[in-house]
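Undergrad: Need coordinates for the below:
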Amino acid sequence: MNDIIGHKDILMFFDKATSSGHLHHAYLFVGRPKLGKRTVAEYITKQLFGSEKTLHTNPDFFFLARGIHEKTGKTKKHISIEDVQGLQQFLRGKPFLHKKKVAIIDDAHLLSMGAMNALLKTLEEPRGEATVFLIAENESTLLETIRSRCQILYFYPVGIQHIETAFLHKHIDPSLASAMASVSGGYPGKALVWAEDPEQYEWYQKEILRCQSLFGKSLYQQLAIVEDLFAKKDDHIGARSELLIILDIWLGCLRDSYTQSTSASLQKCDIVDAYRAIHRAKKELLANVHPRLLIEHVLLTF
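TA: All right, here's what the predicted structure looks like:
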């Protein structure tokens with residue numbers, strides 16, 4: 001449980017559900033990336049198994065996520081129906097070592113329509129000796145019939161002080177712990193990655209500076225600043241995923257600017273327009289709209 005920061009109410013909920021024998025057959029964890037949804041699901045699974053050993057070698061555990069094409073080596077666009085069929089095969093048998101089988105579907109919002117329909121059949125016929133955790137950024141991307149068969153729990157940013165305290169327990173320098181916790185915006189996953197890889201922290205700060213440097217510039221100057229975002233052409237899906245992360249960083253920068261900035265180039269009405277444009281860009285990136293066009297539209301609101 002050392003890597004779980006916050007979410008005490010959710011952990012208490014599952015403690016009561018498991019101790020009373022009222023564990024549901026399917027849960028949907030909803031929230032932004034890096035909040036700890038998968039970490040909590042894995043912790044609960046280990047509690048069910050009564051073991052702190054690695055899950056991925058456990059015959060009663062199945063992890064499903066968007067993978068890499070074997071032939072091209074590129075990131076897949078969706079979790080496919082074939083992937084879900086593998087899950088269905090896993091769930092058909094009885095547990096080997098434990099009383100229950102557990103499956104985690106990471107980034108469930110990336111399930112293809114065929115995969116969702118296949119998953120729906122599994123959720124319509126729940127097995128008493130299996131529990132499935134679906135992890136998604138936004139439940140609206142899933143079929144309503146899937147959502148109706150899951151118990152939904154929402155994850156929110158945790159208190160900055162909880163992240164800082166966790167870092168101090170890891171013997172991280174107090175000033176660095178305070179800085180990382182503050183920049184994380186309440187997202188424990190971000191902070192934990194930075195603690196293990198300081199270069200990621202430096203990259204994150206550079207993206208914040210990039211965002212701040214875009215305001216008040218001409219479109220020509222802005223495009224020069226972001227040109228490197230379009231340099232990765234060998235893996236379009238991977239490039240889009242990275243761009244989604246960068247757009248999230250820009251959103252955080254805009255939120256801070258809205259409440260703190262006194263610069264004339266950061267008028268609140270402009271920030272609101274930019275905030276909306278970034279959300280639209282993120283949505284349309286998943287719909288295969290050209291990334292450069294979307295970024296240009298965002299820059300026009302800066």
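Undergrad: For the protein, just list every one of the helices.
TA: Taking DSSP state H, the helices of the chain run over residues 8-19, 37-49, 81-92, 113-124, 144-148, 160-169, 174-184, 188-196, 198-214, 219-226, 236-260, 268-285, 291-301.
Undergrad: could you redo these as a markdown table and give each row mean pLDDT and distance to Val132?
TA: C-beta here means a position set from N, CA and C on the backbone, and glycine is covered the same way. Shown next, in a markdown table, are these (pLDDT from 0 to 100; distance: least, C-beta to C-beta, whole Å):
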| stretch | mean pLDDT | distance to Val132 |
| --- | --- | --- |
| helix 8-19 | 94 | 14 |
| helix 37-49 | 94 | 10 |
| helix 81-92 | 92 | 8 |
| helix 113-124 | 92 | 7 |
| helix 144-148 | 95 | 11 |
| helix 160-169 | 91 | 29 |
| helix 174-184 | 90 | 29 |
| helix 188-196 | 90 | 22 |
| helix 198-214 | 90 | 31 |
| helix 219-226 | 92 | 40 |
| helix 236-260 | 81 | 24 |
| helix 268-285 | 82 | 26 |
| helix 291-301 | 90 | 33 |
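Undergrad: As JSON lines, those helices with distance to Thr57 and mean neighbour count would be great.
TA: Listed next are those as JSON lines, based on distance: least, C-beta to C-beta, whole Å; neighbours: other C-beta atoms under 10 Å:
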{"stretch": "helix 8-19", "distance to Thr57": "23", "mean neighbour count": "13"}
{"stretch": "helix 37-49", "distance to Thr57": "12", "mean neighbour count": "21"}
{"stretch": "helix 81-92", "distance to Thr57": "14", "mean neighbour count": "15"}
{"stretch": "helix 113-124", "distance to Thr57": "24", "mean neighbour count": "17"}
{"stretch": "helix 144-148", "distance to Thr57": "29", "mean neighbour count": "14"}
{"stretch": "helix 160-169", "distance to Thr57": "27", "mean neighbour count": "18"}
{"stretch": "helix 174-184", "distance to Thr57": "31", "mean neighbour count": "18"}
{"stretch": "helix 188-196", "distance to Thr57": "22", "mean neighbour count": "20"}
{"stretch": "helix 198-214", "distance to Thr57": "27", "mean neighbour count": "15"}
{"stretch": "helix 219-226", "distance to Thr57": "43", "mean neighbour count": "14"}
{"stretch": "helix 236-260", "distance to Thr57": "27", "mean neighbour count": "17"}
{"stretch": "helix 268-285", "distance to Thr57": "35", "mean neighbour count": "16"}
{"stretch": "helix 291-301", "distance to Thr57": "38", "mean neighbour count": "17"}
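Undergrad: out of these, which comes closest to His69?
TA: With C-beta to C-beta as the measure, helix 236-260 is the member of the helices of the chain nearest His69 (9.3 Å).
Undergrad: circling back: any chance of the helices of the chain in a markdown table, with distance to Glu70 too?
TA: Below are the helices of the chain laid out as a markdown table (distance: least, C-beta to C-beta, whole Å):
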| stretch | distance to Glu70 |
| --- | --- |
| helix 8-19 | 36 |
| helix 37-49 | 24 |
| helix 81-92 | 12 |
| helix 113-124 | 18 |
| helix 144-148 | 28 |
| helix 160-169 | 38 |
| helix 174-184 | 36 |
| helix 188-196 | 28 |
| helix 198-214 | 28 |
| helix 219-226 | 33 |
| helix 236-260 | 15 |
| helix 268-285 | 25 |
| helix 291-301 | 26 |
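Undergrad: so which of these comes closest to Phe62?
TA: helix 81-92 (4.4 Å).
Undergrad: picking that back up, list just the one of the helices of the chain that sits closest to Val30.
TA: Between Val30 and the helices of the chain, the shortest gap by C-beta to C-beta is with helix 37-49, which sits at 7.9 Å.
Undergrad: what does the closest one rub up against?
TA: Helix 37-49 has contacts (C-beta atoms under 8 Å, 6 or more residues apart in numbering) with 1, 3-4, 7, 10-11, 14, 18, 23, 27, 29-31, 52-53, 55, 58, 60-61, 97-100, 102, 104, 106, 131, 133, 135, 155, 189.
Undergrad: Mind checking which residue lies nearest the centre of this structure?
TA: Central residue of the chain (C-alpha atoms, centre = their mean): Pro33, 2.4 Å from the mean position.
Undergrad: out of the helices of the chain, which comes closest to Thr72?
TA: When these are compared by C-beta to C-beta, helix 236-260 sits nearest Thr72, at 10.1 Å.
Undergrad: helices or strands up against the closest one?
TA: Under the contact criterion of 3 or more C-beta pairs under 8 Å, 6 or more residues apart in numbering; DSSP states H and E, helix 236-260 touches helix 198-214, helix 268-285, helix 291-301.
Undergrad: That one vs helix 291-301, what angle?
TA: Angle, helix 236-260 to helix 291-301, by axes from the mean of the first three to the mean of the last three C-alpha atoms, to 10 degrees: 10 degrees.
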